[in-house]
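In: Build me a structure from this.
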Amino acid sequence: MLKITFPYSEQLLNALFREFGWDFERMLEAGGFHPATCWDCEHENMATFSPHVAGNMETGVYQNAADSCRRCYPGGNAAALVWDVGEIELFCESESSKPERALAVYREIKRSGMKIINTTPHSVRFQNVEGKVYEVEPCGVLINASPREEAAGDHPSGVKLIYTRFEADLASSEALGKLEEENPGAVIVGSIIAAQAFPGRVLAMVPVSGFERVPPAEKRMRDDKFTVF
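Out: Okay, the predicted model is just below:
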């Protein structure tokens, strides 16, 4: 069986129950055993077997019917969740769709808890992977950079060529450091110039497909993909 480990949160655990159609509370109220479908199966015998579903939201186990008894449920995809306050473990068969579904649930929860800080002077319209559109207003801190030209040689025509690099100014460096300290893990977005001046710290935005060449007021940006320099 495959095993996938996630960091624990009650929100994620409940979301996985919903995704798999597993009713934890109802199973506990029913004694924790899936019903036997074979006339001579004793997997509901508490004197011999442990409950298939047990515990609470802080530590517990949920075996689905196929995992609880192969005799009674020969055609199902066996799977189980085991958790404590440190981690959630998903056990399932390699051909199961549960790993992909569980990862999608986990990523969505991570995205929904993601904080985006807008260091541009205007509001930014984002669109998530489900198509929901929302706006992030300016945070009030504007991250700037200054252009610096460097000689890059001569063109065959005789004109001068230059490189333009963007250098962070002291005020922006201090402001960015304060934003990072006060908002650990936040996604800080800014202009392409700011993203070049602070590579990996300020992220440039990526347009949603189909919105690359629309007027600025109609732009939509992705919230699952950003550009670094």
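
In: list the buried ones in stretch 110-129?
Out: Across stretch 110-129, burial judged by 16 or more other Cβ atoms under 10 Å covers 116, 117, 118, 119, 120, 124, 125, 126, 127, 128. Every C-beta, even on glycine, is put in place using the N, C-alpha and C of the backbone.

In: Which one of those residues is nearest to residue 197?
Out: The closest of those to residue 197 turns out to be residue 119 (Cβ to Cβ; 11.4 Å).

In: thinking the closest one is in contact with residue 187, fair?
Out: No: Residue 119 lies out of contact with residue 187 (Cβ atoms under 8 Å); the separation is 10.9 Å.

In: Count the residues that sit near residue 222.
Out: 16 (other Cβ atoms under 10 Å).

In: Quick one: residues contacting it.
Out: 126, 127, 205, 206, 207, 208 (Cβ atoms under 8 Å, 6 or more residues apart in numbering).

In: if you set the cut-off to 7 Å instead, what comes out?
Out: Residues in contact with residue 222 (Cβ atoms under 7 Å, 6 or more residues apart in numbering) are 127, 206, 208.

In: That one sits in which helix or strand?
Out: If you go by DSSP states H and E, residue 222 is part of strand 221-227.

In: residue boundaries of the strands in the protein?
Out: Along the chain, counting by DSSP state E, strands occupy 2-7, 53-55, 60-63, 79-83, 87-92, 116-118, 124-127, 133-136, 145-154, 160-168, 187-189, 204-207, 221-227.

In: gap between the residue lying closest to residue 127 once chain neighbours are set aside and residue 114?
Out: In space, and not counting its chain neighbours, residue 127 is closest to residue 220: 4.5 Å by Cβ to Cβ, 6 or more residues apart in numbering. The gap separating residue 220 from residue 114 is 17 Å, by Cβ to Cβ, to the nearest Å.

In: With residue 178 instead?
Out: 20 Å.

In: From residue 178, how far out is the nearest residue to residue 24 once chain neighbours are set aside?
Out: For residue 24, ignoring the flanking residues on the chain, the nearest one in space by Cβ to Cβ, 6+ apart is residue 17 at 5.4 Å. Distance, residue 17 to residue 178, using Cβ to Cβ: 40 Å.

In: The two: which has the busier surroundings?
Out: residue 17 (15 against 11).

In: any idea how far the residue in the chain sticking out farthest from the centre is from residue 149?
Out: Relative to the centre of the chain, the most outlying C-alpha is that of residue 158, 51.9 Å out, by Cα atoms, centre = their mean. Residue 158 sits 18 Å away from residue 149, taking Cβ to Cβ as the criterion.

In: Do I have it right that the residue nearest to residue 24 meets residue 25?
Out: No: the pair residue 17 / residue 25 is not scored as a contact, 9.1 Å apart, by Cβ atoms under 7 Å.
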